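In: 3D, please:
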Amino acid sequence: SNKLFKTANHSFFIQYDLNAYCSKFYTDGKFNCVTGSLFFSLIMDSLNIPYTIKEKPTHVFLLAYPSTFSLPIESTDPNMKIPIPNEGFKKRYVDFLADSKIIQKSDISSKGVEAIFNEKYYSNKDIKPIELVGLLYFNSGVNYLGDSNNKCAFQQFEKAYLLYPSERIRYVLEVSLLTFVADMGSFSLDHLDFLAKLANYSKNKTYHEMVTDQFKNYTQKYLINENNETKYEQIYNRLITQVEDSTVKSDISTVYFHERSRVCSIKDDDEGSWKFICQGYKINPKNMDLIARLQTNFIFKLKSMPYDESTLIKYDSLLNQYPALRNSAEIQRYEGTYYLTKAGFLFYHDNIVAGEKVLKKFDVFLNKYPNCKFNTYYIAGIYCEIASAYYRKKDINKCKSTIERGLVLAPNDEKLIRKYKMDIKHEIK
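Out: Numbers count the residues shown, from 1 in each chain. Take a look at the predicted model:
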């Protein structure tokens, strides 16, 4: 190993440079432990010498013949340390781990920031040559970050993370990306691309919410203020196709479909409004804003529908597709009103057998929705009509029980009380 080091040191290793890149190594002889170790790994590969790459907290080096001799191959003086992060950096990194659910907040209290940082930030393990290349991009990103060039820093950290997917690299990637997104301003397609990257790389709920809030700003500007649906559609499609996180994707879609539906309603485009809100509900069926708009749109549709069998079939079909509709008292009343209206019509025409079948369906409905309330005047009118049909058939017992049932649903209604006095008490006399 000494011979290999001396030969390489004489021919290639001219000047130590903490910020050296591979290109500088071959042209100017500038090196550090990362570029030097990468160079030695290439030599080892060409000579078929087995080796491992060791990453320590502040140093990288090779071990030749790791299973037998474990000969260290050092490209630099192992005592030549790279800069150590300060206490503020360490605390922010540990907080990042907690926010990302990588550690528990209780771990910070029990182990301390320093111990967790050293355990998680530095791998202190064997790494692959491809990960060593990742460290080169990582070092390059750190240099850009020091120059406040957050865009280039992020681009280098992104390459580093693809080659060496560690939490340490993801942290600095996230920091540089967040800073760059904040600095570049909103309302550009490039901004959308970086917002999507922030959603994909970060596990921080606050940052995810920030991405959704930024989309809300786009919604306000292009859909609401400028009424530019084409531009808004382009923005949504560009962002949603790049976002991979399912929660962020759902939140953005919720905003999009809710607002598209609302704007269609403002423009009296009822079919468009219904189409958008149905799509949104299918994506996020628990969102209360979507449910409220879905119910409102459905109630509006019901008002234009006749009380007939075909409508009830369509009504049942839609409630099966969109179960949240069943939670609306006004939507529930439609079904009950249908049964009452049909029963009243059948009894009015003395079709008592068919009318009783429909009335049983109304009783089943009331058992299913016991809190559903109806206009007492309407209830009284229907039950008076049913009682009259029984009275005409001389079935006083059913006439009496019908009026009593009506008074349960419409207590103290004068019309039903008067009906009772006229028909029942008159017959008793």
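In: Double-check that residue 421 belongs to a helix.
Out: Yes - according to DSSP: H, G, I helix; E, B strand; the rest coil, residue 421 belongs to a helix.
In: quick check: mean pLDDT across the host helix or strand of residue 110?
Out: Assessed by DSSP states H and E, residue 110 sits inside helix 105-111. Throughout helix 105-111, pLDDT has a mean value of 83.
In: by contact count, what packs against the helix or strand just after that helix?
Out: The helix or strand immediately downstream of helix 105-111 is helix 113-121, counting by DSSP H and E. Secondary-structure packing of helix 113-121 (3 or more Cβ pairs under 8 Å, 6 or more residues apart in numbering; DSSP states H and E): helix 87-99, helix 105-111, helix 167-184. All C-beta spots, glycine's among them, are computed from the backbone N, C-alpha and C.
In: need these in CSV with mean neighbour count and distance to residue 266, can you?
Out: CSV is the format used below for the helices and strands packed on helix 113-121 (neighbours: other Cβ atoms under 10 Å; distance: least, Cβ to Cβ, whole Å):
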stretch, mean neighbour count, distance to residue 266
helix 87-99, 17, 39
helix 105-111, 12, 46
helix 167-184, 19, 32
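In: picking up where we left off before, can you list the residues that contact the helix holding residue 110?
Out: 94, 98, 116, 119 (Cβ atoms under 8 Å, 6 or more residues apart in numbering).
In: contacting residues for the second one?
Out: If I follow you right, that is residue 98. Going by Cβ under 8 Å, 6+ apart, residue 98 touches 104-105, 107-108.
In: how much space between the most centrally placed residue in the chain and residue 173?
Out: The C-alpha lying nearest the average C-alpha coordinate of the chain belongs to residue 247 (Cα atoms, centre = their mean; 1.7 Å). Separation of residue 247 from residue 173 (Cβ to Cβ, to the nearest Å) stands at 20 Å.
In: ok, residue 366 touching residue 372?
Out: Yes - counting by Cβ atoms under 8 Å, residue 372 is a contact partner of residue 366 at 7.2 Å.
In: list residues touching both of these two?
Out: residue 336.
In: The residue nearest to the centre of the chain belongs to a helix, doesn't it?
Out: Yes - under three-state DSSP, residue 247 sits within a helix.
In: That one - nearest residue in space that isn't next to it in sequence?
Out: Distance criterion Cβ to Cβ, 6 or more residues apart in numbering; nearest residue to residue 247, sequence neighbours excluded, is residue 208 at 6.4 Å.
In: Checking that neighbour next. Helix, strand or coil?
Out: Applying three-state DSSP: residue 208 is helix.
In: can you check residue 335 too?
Out: Three-state assignment for residue 335 (three-state DSSP): helix.
In: Could you pull up the residues touching it?
Out: Taking Cβ under 8 Å, 6+ apart, we find residue 335 in contact with 312, 315, 365.
In: Adding distance to residue 55, write the contacts of residue 98 out as CSV.
Out: CSV is the format used below for these (distance: Cβ to Cβ, whole Å):
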residue, distance to residue 55
104, 26
105, 28
107, 23
108, 24
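In: nearest to residue 412, of those?
Out: Nearest to residue 412 among those, counting by Cβ to Cβ, is residue 105 at 60.8 Å.
In: that older thread, what's the pLDDT at the residue nearest to the centre of the chain?
Out: 94.
In: Quickly note the distance from it to residue 221.
Out: 24 Å.
In: cool, and residue 151?
Out: Taken as Cβ to Cβ, the span from residue 151 to residue 221 is 24 Å.
In: same question, residue 378
Out: 48 Å.
In: can you tell me which two in the contacts of helix 105-111 are farthest apart?
Out: Using Cβ to Cβ, the pair of the contacts of helix 105-111 lying farthest apart is 98 and 119, separated by 13.6 Å.
In: give me every residue that touches residue 238.
Out: So residue 238 contacts 189, 192-193 (Cβ under 8 Å, 6+ apart).
In: Helix or strand for it, just tell me which one.
Out: Here residue 238 sits within helix 229-240, counting by DSSP H and E.
In: so which of the helices and strands packed on helix 113-121 gets nearest residue 38?
Out: Ranking these by proximity to residue 38 (Cβ to Cβ) places helix 167-184 first, at 16.8 Å.
In: which parts of stretch 195-209 are buried?
Out: Of all the residues in stretch 195-209, those buried under the rule 16 or more other Cβ atoms under 10 Å are 195-199, 201-204, 207-208.
In: ok, now stretch 137-148?
Out: Quick answer for stretch 137-148 (16+ other Cβ under 10 Å): 137-142, 144-145.
In: can you put those in a markdown table and add secondary structure?
Out: Converted to a markdown table, the buried residues of stretch 137-148 look like this (three-state DSSP):
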| residue | secondary structure |
| --- | --- |
| 137 | helix |
| 138 | helix |
| 139 | helix |
| 140 | helix |
| 141 | helix |
| 142 | helix |
| 144 | helix |
| 145 | helix |
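In: just those residues now: which is nearest residue 39?
Out: For the buried residues of stretch 137-148, the nearest to residue 39 is residue 139 (15.0 Å; Cβ to Cβ).
In: Check the closest one and give its pLDDT.
Out: At residue 139, the pLDDT value in this model is 82.
In: ok, and the closest non-adjacent residue to it?
Out: Spatial nearest neighbour of residue 139, chain neighbours left out: residue 34 (6.3 Å); criterion: Cβ to Cβ, 6+ apart.
In: Against residue 61, how distant is that neighbour?
Out: On the measure of Cβ to Cβ, residue 34 and residue 61 end up 10 Å apart.
In: From residue 386, how far off is residue 194?
Out: From residue 194 to residue 386 the distance is 68 Å (Cβ to Cβ).
In: whoops, I mixed them up, residue 326
Out: For residue 326 relative to residue 386 (Cβ to Cβ), the value is 27 Å.
In: which one of these two has more residues nearby?
Out: Set side by side, residue 326 and residue 386 show more neighbours around residue 386, with 26 against 14, by other Cβ atoms under 10 Å.
In: Secondary structure element for that one, which one?
Out: In the assignment (DSSP H and E), residue 386 maps to helix 376-392.
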